[in-house]
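*Asks:* got a sequence here, can you build the structure:
(2 chains)
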Amino acid sequence: MLARVANNLFWMGRYIERAEHVARYLNVNYFASLDAPNELSQSRQFVLQSMLFMADDFSRNGNELNEEEVLYDIALNPDKHFSIINYVKLARENANSARDLISTELYEAINKFYHFVLNYPVENFKKNGLYDFSVQVTENTSILRAKIRGTLLHDEVYSIIMLGVNIERATQIIRIINSKYKDAVIAQGSYGDTLKNSYEWTTLLKCAESYDMMRRFYRQTPTSITTLEFLILNTDCPRSVMNSLNEAWEHINDLSHEKHPSKNSSAFLIGKVRAKYQFKVIEEIESDLQSFIKNILDDLNRIGIKLEKEYFHY
Amino acid sequence: MKSTNNNPTFKSYNRDPQLYDEIFDENDNVRETYETLFELYSEHSAKDFGRLNNKAKASFFNQGITFQVYGDHEIKEKIFPFDLFPRIIDAEEWKHIEKGVLQRSKALNAFLRDVYHGKKIIKEGIVPLDLISSSENYLDQMNGFDPPGGIYNHISGTDLIKHSDGKYYVLEDNIRCPSGVSYVICNRTALKRALFGVFNHYQAYSVTNYAENLLEILETVKPKGVDVANCVVITPGIYNSAYYEHSYLAKAMGVELVEGQDLFVENDFVYMKTINGPEKVDVIYRRIDDQFLDPLEFKPDSTLGVPGLMAAYKKGNVCLVNAPGTGVADDKAVYTYMPEIIKYYLNEEPILNNVPTYHCSRPDELKYVLDNIQNLVIKPVDEAGGYGISIGNRLTEEEIEKVRQTVKASPRKYIAQPIMSLSVHPTYIEDSKCFEPRHVDLRTFTLLGADKNFVLKGGLTRVALKKGNLIVNSSQGGGSKDTWVLKNNH
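*Replies:* Coordinates of the predicted model:
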């Protein structure tokens, strides 16, 4: 498999995953805020601020935000590098360059998805299209995941894509936690609730499509501890950071064929990062969440760089 | 016998008695081969065809079988128009075509070997020296070199038309990087999806075996000493208008699709950069033009090619398909000598007709051309894609004068031919929602390998969608049709 094409497929996986998380974040936060129990969580400015934080746009800090503009920028503005339309465009371009390696079914699904986003009527979106648009985006990404798993050979092509998907998923989950944690801190006490029992934890879980299963697992209202534990450490939760690291570990092993990966390899690094979090307890993490977030984002970043050097360097 | 008026979707079908109509004879009766199909199509209403037409379009669009059009503000994706009425070639007729195109490909290969070795055909005065000495496509680098397997034009695309006399004529031999074969396969898929029922009534050859035959041909020309050949397809990249075809062929052959940047040359061997390090490459089916192959030998600023590729090729360590320098033989001036070339190398009579041609480089013929522009087609010898062609009877006095001056200024650059009337075929027209006659041609695909050859039983029937237009190229608004070659005469 060509190194250049491997790089493109890795990023195809990442962009698909990223588009999905951003779309769900928009959807869940917007609609959760409409009937939130406290005034601050209901405030438009508060929600829009949070969306921009998640999308990584800090260009308008401190300014009064225009709802239509913010939603358009994140969803459909082709000139914003952080927009969903841009991620889908990039995913499709990457798929294009590997068209001979992926199945017709996967390519056709990506292509349809691209045309759906590209042709989404902007006026409709601005009027009342947010729900429809974001749901369709997340449904399309589910289709893509199914086509990846169900129509590709589970060989190196698959491993590369899945490495991209899992590293991006871990990154996005951390970013969502970061964003919602910040919201919870700001919102605390505004309606008598403490940080521990903030309404934002429910929203956070829904952003990760993990609310129902979390309730099933703990059988109680989410708190800061249980939410973080579920999303970071629970190996059975498909969206948890730990699960993503486990998957990445599996796929790098399929790719590298080495029983004892050398110290400088990506496999070694992924294994090392995974081991670091495998036996952490949540209290440890929660006591200094900011440092944890910074560290794990660094770790994920280092893994990306390592993979690039080892496999995509051309 | 069915005539045109029984069928509502044929209500605006006006047969022009001057032209050869592929499905109606001179008495407006449906030709035997098409009878069953015509009957089957009569069962569909105009509305049905409108719906099927949209369905076929969506199928191409979703599969991403598109090309890009650069507009004022944005890049638009367009599909190559596909027509719902297939072209049928019966077994007898096809046998003739197949023999003819294979003969031409073999003769061209022999011609190329001669041109780059002893140049006997010139020394014996069969073709003039300036035919190759003044050709921009002649490559000094190929002089005296023997390509692996002795093959130059592994892949040939031959363009044929049927004239008003009902006979096939060859219009062009494309032996550089002929494209279009992927559309042969897509058209079949699209027609099957839209009108699968009609296939039960005809025994047509499958066209999906092209890729496996191409791979076999590539393997026959592997460099000496190579056991299992590592073949790749090289493409200029995803923005090339034929990228879909490049990716299709790579996928169907199960080989890597590479760009120039994926390859490098070390000690005159070619390698591709894979995730597990360098991997040697033995045969390259290249879909980039000669001038971009190797910046060290040709255009120095080309980023599409691979530095050192020609050196590796000349050492015999890698095979390029088609060989560099084949362009010297698909020149429109060489075309005019094809009957002589076939006789000279194969000692056979040409099976397919050549269109009579006037060489503007010859003074007496130039005079005839300059005096008769209104009755001729004037073509530049080295343009592809139907550009630069002037059709005499479509020009105003003023335009004729302009063409006359251009030809006079550089006669070597032009040839002229009588205006051939391409046959017409019923084609679904979106505006009228009816079938109307439109001009068609046929591109066949021939493969030559060491001790193996193959002609795809089918081809690309291109159709000029604009009324009266004779230029079928997709870059000028042409569409295409599924083309059936029948196993038995119908």
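
*Asks:* pull the helix or strand with minimum mean pLDDT from chain B.
*Replies:* In chain B, no helix or strand scores lower on mean pLDDT, DSSP states H and E than strand B:66-70, which sits at a mean of 72.

*Asks:* which is the succeeding secondary structure element to that strand?
*Replies:* Sequence order places strand B:75-79 as the next helix or strand after strand B:66-70, per DSSP states H and E.

*Asks:* contacts for that following strand next, please.
*Replies:* Strand B:75-79 is contacted from outside by B:Lys57, B:Phe60, B:Phe61, B:Ile65, B:Thr66, B:Phe67, B:Gln68, B:Val69, using C-beta atoms under 8 Å, 6 or more residues apart in numbering or on different chains. In this view, the C-beta of every residue, glycine as well, is placed from N, C-alpha and C.

*Asks:* and those, which is closest to chain A?
*Replies:* B:Phe61 (7.4 Å; C-beta to the nearest C-beta).

*Asks:* so what's the residue count around that closest one?
*Replies:* By the measure other C-beta atoms under 10 Å in any protein chain shown, the count of residues near B:Phe61 is 16.

*Asks:* return the residues in contact with it.
*Replies:* Residues near B:Phe61 by C-beta under 8 Å, 6+ apart: A:His115, B:Glu77, B:Ile79.

*Asks:* so where is the chain shaky, pLDDT-wise?
*Replies:* No chain was given, so I picked chain A. Where chain A drops to pLDDT under 70, the residues are A:189-193, A:314.

*Asks:* my bad, the chain I had in mind was chain B
*Replies:* Applying pLDDT under 70 to chain B flags residues B:1-6, B:69-74, B:383-386, B:474-475, B:490.

*Asks:* which parts of it sit against chain A?
*Replies:* Residues of chain B lying near chain A by C-beta under 8 Å from any C-beta of the partner chain: B:61-64, B:233, B:237-238, B:243-244, B:247-248, B:250-251, B:256-259, B:261-262, B:272-275.

*Asks:* what about 6 Å?
*Replies:* By C-beta under 6 Å from any C-beta of the partner chain, the residues of chain B that approach chain A are B:62-64, B:238, B:247, B:250-251, B:256-257, B:262, B:273-275.

*Asks:* out of those residues, which is most surrounded?
*Replies:* Top of the residues of chain B next to chain A by neighbour count (other C-beta under 10 Å): B:Leu257, with 26 neighbours.

*Asks:* pairing partners for the helix or strand containing that one, with directions?
*Replies:* Assigned by DSSP H and E, B:Leu257 belongs to strand B:256-258. The strands beside strand B:256-258 in its sheet (DSSP bridges) come out as strand B:231-234 (parallel).

*Asks:* helix or strand next in line after the strand it pairs with, which one?
*Replies:* Past strand B:231-234, the next helix or strand by DSSP H and E is helix B:243-253.

*Asks:* run through who's touching that next one.
*Replies:* For helix B:243-253, the surrounding residues in contact (C-beta atoms under 6 Å, 6 or more residues apart in numbering or on different chains) are A:Arg99, A:Asp100, B:Ile65, B:Ser179, B:Ser182, B:Ala211, B:Leu215, B:Val233, B:Thr235, B:Leu257, B:Arg287.

*Asks:* coming back round to it: just the buried ones out of the contacts of strand B:75-79, please.
*Replies:* B:Phe60, B:Phe61, B:Ile65, B:Thr66, B:Phe67 (16 or more other C-beta atoms under 10 Å in any protein chain shown).

*Asks:* could you redo the residues you listed as JSON lines and give each row distance to A:Thr223?
*Replies:* Listed next are these as JSON lines, based on distance: C-beta to C-beta, whole Å:
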{"residue": "B:Phe60", "distance to A:Thr223": "54"}
{"residue": "B:Phe61", "distance to A:Thr223": "50"}
{"residue": "B:Ile65", "distance to A:Thr223": "54"}
{"residue": "B:Thr66", "distance to A:Thr223": "52"}
{"residue": "B:Phe67", "distance to A:Thr223": "57"}
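
*Asks:* tell me which residue of chain B is furthest from the middle?
*Replies:* B:Asn276 (37.9 Å; C-alpha atoms, centre = their mean).

*Asks:* which SSE is the residue of the stretch 101-250 of chain A found nearest chain B in?
*Replies:* As assessed by C-beta to the nearest C-beta, chain B sits closest to A:Asn111 within the stretch 101-250 of chain A, at 4.4 Å. For A:Asn111, the element it lies in under DSSP H and E is helix A:104-118.

*Asks:* would you mark the buried spots in that helix?
*Replies:* A:Leu106, A:Tyr107, A:Ala109, A:Ile110, A:Asn111, A:Lys112, A:Phe113, A:Tyr114, A:His115, A:Val117.

*Asks:* try stretch A:295-303
*Replies:* For stretch A:295-303, the neighbour count (16+ other C-beta under 10 Å) marks A:Ile296, A:Asp299, A:Leu300, A:Ile303 as buried.

*Asks:* follow-up on the earlier one: helix or strand next in line after the helix holding A:Asn111, which one?
*Replies:* Once the chain leaves helix A:104-118, the next helix or strand it forms, by DSSP H and E, is helix A:122-124.

*Asks:* is any part of that next one close to chain B?
*Replies:* No - applying C-beta under 6 Å from any C-beta, one finds helix A:122-124 separated from chain B by no less than 13.7 Å.

*Asks:* after that helix, next one along is what?
*Replies:* helix A:130-151.

*Asks:* for A:Ile293, the count of nearby residues, please.
*Replies:* By other C-beta under 10 Å, 17 other residues sit near A:Ile293.

*Asks:* and the residue sitting nearest the centre point of chain B, which of the three is it?
*Replies:* In chain B, the centroid-proximal residue (C-alpha atoms, centre = their mean) is B:Gly157; its distance is 4.0 Å. Following DSSP: H, G, I helix; E, B strand; the rest coil, B:Gly157 is assigned to strand.

*Asks:* ok, the one 3 residues further on next?
*Replies:* Classification of B:Leu160 into helix, strand or coil gives strand, according to three-state DSSP.

*Asks:* can you pull up the bridge partners for it?
*Replies:* Going by DSSP bridges, B:Leu160 forms beta bridges with B:Val170, B:Leu442.

*Asks:* residues contacting it?
*Replies:* Residues near B:Leu160 by C-beta under 6 Å, 6+ apart: B:Tyr168, B:Val170, B:Leu442.

*Asks:* quick one, phi psi at the residue in the stretch 351-490 of chain B positioned nearest to chain A?
*Replies:* Nearest residue of the stretch 351-490 of chain B to chain A: B:Asp482, at 18.9 Å (C-beta to the nearest C-beta). Per-residue torsions, B:Asp482: phi -70, psi 140 (degrees, to the nearest 10).

*Asks:* so it makes contact with B:Arg188?
*Replies:* Yes - under the criterion of C-beta atoms under 6 Å, B:Asp482 makes contact with B:Arg188 at 5.3 Å.

*Asks:* those two: which is more packed in?
*Replies:* Taking other C-beta under 10 Å, B:Asp482 and B:Arg188 do not tie; B:Asp482 has more neighbours (28 against 20).

*Asks:* many thanks, I have nothing further to ask.
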